[in-house]
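> Have a look at this fold, sequence not included:
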């Protein structure tokens, strides 16, 4: 009897040891991956506080020997040299980003609800077109976008930046996949109670799609914040902050530090939105769900 208890205890200890080893291995792997993903952000911050002479030292160092904030002061000085104040560029970026994010969430949600829960001729074809559209980069359709914007007289307006970004195949695909998990019985019950499709969409289905919406907000905000005016906006007062920063960074090696400081400045809003939205995603995934 004692021998049997001893063998069971040893087996239990071995299993506990294997479990602890597996947990430690997973933690170590996640730590390495986290450091690997955080390295670009760290290098960007470090290079933004390096003086110009340290930016071109070989081999490069992972720290600043003489950190300075001159790059950030030079960034604001260079951007203030334009006839348009720096605050106008910030306003343009905030306006375009907010409009694109809100409109993309609205239209993607409505279109996804129709494609996921409404049966009509050609729905499968439209879903197939959406999947194919995921394969194309935005640069492929620049010429067609310019022609359409020119025909609609939207060149040199905010609409030329907002309208093309509202239609997002990725956002539509994401919302459609999420809404397709909603039980049909819930929608049928709402129809029996007299609710219309619009009310079912916004009062029943969409409130239960918070994880998908938060994910869509992250992607939409990141894409909209980095929008550059390209060849559709030529007036200086309508240009966004990334466009002006890229123009300043392309002025030569002397402004390499300014470019890195601008990269840090542009990196802050997407990171803040990501952290806030990620918290909401985790909470909604843990506490919400729809069951048949």
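Sure, I can see it. Keep in mind that this is a model prediction, so the values were computed, not measured.
> And the strands in the chain?
In the chain, no strands are defined using DSSP state E.
> Name the residue closest to the centre of it, please.
Nearest residue to the geometric centre of the chain (Cα atoms, centre = their mean): residue 219, 2.7 Å.
> My understanding was that that residue contacts residue 170; is that so?
Yes. If you go by Cβ atoms under 8 Å, residue 219 and residue 170 touch, sitting 6.4 Å apart. The C-beta positions use only the backbone N, C-alpha and C, and glycine is treated the same way.
> ok, residue 166 - contacts?
Applying Cβ atoms under 8 Å, 6 or more residues apart in numbering to residue 166 gives the contacts 100, 103, 104, 107.
> any idea how far it is from residue 227?
12 Å (Cβ to Cβ, to the nearest Å).
> intersection of neighbour lists for those two?
Joint contacts of residue 166 and residue 227 (Cβ under 8 Å, 6+ apart) are residue 100.
> Where does the prediction get shaky in the stretch 51-200 of the chain?
Applying pLDDT under 70 to the stretch 51-200 of the chain flags the ranges 81-82, 137-140.
> Show me the contacts of residue 166 that map onto helices.
Counting by DSSP state H, the part of the contacts of residue 166 found in helices is 100, 103, 104, 107.
> between those, which has the most around it?
Among those, the one with the most neighbours (other Cβ atoms under 10 Å) is residue 104, at 26 neighbours.
> ok so, going back, now the ones in helices among the contacts of residue 166 in CSV, with distance to residue 223?
Formatted as CSV, those follow (distance: Cβ to Cβ, whole Å):
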residue, distance to residue 223
100, 8
103, 13
104, 9
107, 15
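> and of those residues, the nearest to residue 20?
Minimum distance to residue 20 across these is 45.8 Å, recorded for residue 104 (Cβ to Cβ).
> Go ahead and confirm the closest one touches residue 171.
Yes. Using Cβ under 8 Å, residue 104 makes contact with residue 171 at a distance of 5.4 Å.
> and for the two, which residues touch both?
With Cβ under 8 Å, 6+ apart, residue 104 and residue 171 have common neighbours 216, 220.
> Nearest to residue 247 among the contacts of residue 166?
Among those, residue 100 lies closest to residue 247 (Cβ to Cβ), at 21.6 Å.
> what sits against that closest one?
The contact partners of residue 100, by Cβ under 8 Å, 6+ apart, come to 161, 162, 165, 166, 220, 223, 224, 227.
> Repeat the analysis, applying 6 Å as the threshold.
162, 165, 224 (Cβ atoms under 6 Å, 6 or more residues apart in numbering).
> Pull up the gap between the residue nearest to the last one when sequence neighbours are not counted and residue 244, please.
Spelled out, it's residue 224. Nearest residue to residue 224, sequence neighbours excluded (Cβ to Cβ, 6 or more residues apart in numbering): residue 100, at 3.7 Å. Separation of residue 100 from residue 244 (Cβ to Cβ): 18 Å.
> same question, residue 41
22 Å.
> Which one's more surrounded, those two?
It is residue 244, of residue 41 and residue 244, that has more neighbours when counted by other Cβ under 10 Å, with 24 against 13.
> The more buried one is in contact with residue 89, isn't it?
Yes. Using Cβ atoms under 6 Å, residue 244 is in contact with residue 89, at 5.2 Å.
> quick one: pLDDT of the closest residue to residue 271 other than its chain neighbours?
With sequence-adjacent residues excluded and distances taken as Cβ to Cβ, 6+ apart, residue 271 is closest to residue 41, at 7.9 Å. pLDDT, residue 41: 81.
> What's the separation between residue 41 and residue 268?
11 Å.
> tally of neighbours for residue 115?
Look at residue 115: counted by other Cβ under 10 Å, it has 20 neighbours.
> Use 675 as the first number for this chain going forward.
Renumbered: residue one is now 675, and that last one reads residue 789.
> which residues touch it?
801, 850.
> Now do the closest residue to residue 841 other than its chain neighbours against residue 787, distance only.
In this structure, residue 841 finds its nearest non-sequential neighbour in residue 781, 7.4 Å apart by Cβ to Cβ, 6+ apart. For residue 781, the distance to residue 787 (Cβ to Cβ) stands at 11 Å.
> same check, this time on residue 909
Using Cβ to Cβ, one obtains 38 Å as the distance from residue 909 to residue 787.
> more crowded one of those two?
residue 787 (24 against 11).
> Spatially nearest residue to the more buried one (excluding sequence neighbours)?
In this structure, residue 787 finds its nearest non-sequential neighbour in residue 875, 4.6 Å apart by Cβ to Cβ, 6+ apart.
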